[in-house]
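Asker: Just to be clear, the model below is a prediction. Sequence and coordinates:
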Amino acid sequence: MATERLKFKLELYATMWHRPPHVEVSINEELKIKQDITGTKEKPDVLEFDHELSENEKYELKILRQGKNLNPTNVKEKGDILKDQLLHIKSIEIDEINIGTLVYEGIYTPEYPEPWASQQKQAGNDLAENFKNAVDMGFNGTWIFTFKSPFYLWLLENLY
């Protein structure tokens, strides 16, 4: 079976005032990087790794976002957020190709904190199970980008 070795480069940054968000980046459950994200929009953290892919297989690039509890969110009495902790995806390159707008194909599944989630449901607010087009993550949760090998063929088939 044919294989290809691809280089992955993720630019991530944080909005924070208290503690940084923590990420675990994996390909199909194989952990590649585990670290706090402290970069800024102007100078993001650059996470790089290689992975060998088998032809005709499906892959998931997963970013597990952690490190947020209720303390990193500073809220006014009226509910306005003054300060928060967010994780942002600035860009993703696979084999030196910026995937551009394909980054919006990733699916973000937040883990809503309790008791907040229950309070929202009691108030009649529906909480989405997941989000597409999300590159800014406020809640802990998982962002997954799915692609296939051979990557270049998949890329041509999925561009616009």
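Answerer: Looks like it arrived, so ask away.
Asker: At which residues are the strands of this structure located?
Answerer: With DSSP state E as the criterion, the chain has strands at 3-15, 22-27, 30-36, 45-54, 58-66, 74-75, 81-83, 86-94, 97-98, 107-110, 131-132, 136-137, 141-148.
Asker: tell me, which of those strands is the model least confident about?
Answerer: For the strands of the chain, mean pLDDT drops lowest on strand 74-75, to a mean of 45.
Asker: What is the neighbour count of the closest residue to Gly141 other than its chain neighbours?
Answerer: Using Cβ to Cβ, 6 or more residues apart in numbering and skipping the chain neighbours, the partner closest in space to Gly141 is Pro110 (3.9 Å). For glycine as for every other residue, the C-beta is placed from the backbone atoms N, C-alpha and C. Pro110: 20 surrounding residues under other Cβ atoms under 10 Å.
Asker: before we move on, the earlier item: would you turn the strands of the chain into a markdown table with distance to Leu156?
Answerer: Putting the strands of the chain into a markdown table (distance: least, Cβ to Cβ, whole Å) gives the following:
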| stretch | distance to Leu156 |
| --- | --- |
| strand 3-15 | 15 |
| strand 22-27 | 21 |
| strand 30-36 | 25 |
| strand 45-54 | 16 |
| strand 58-66 | 17 |
| strand 74-75 | 46 |
| strand 81-83 | 42 |
| strand 86-94 | 13 |
| strand 97-98 | 11 |
| strand 107-110 | 22 |
| strand 131-132 | 22 |
| strand 136-137 | 28 |
| strand 141-148 | 11 |
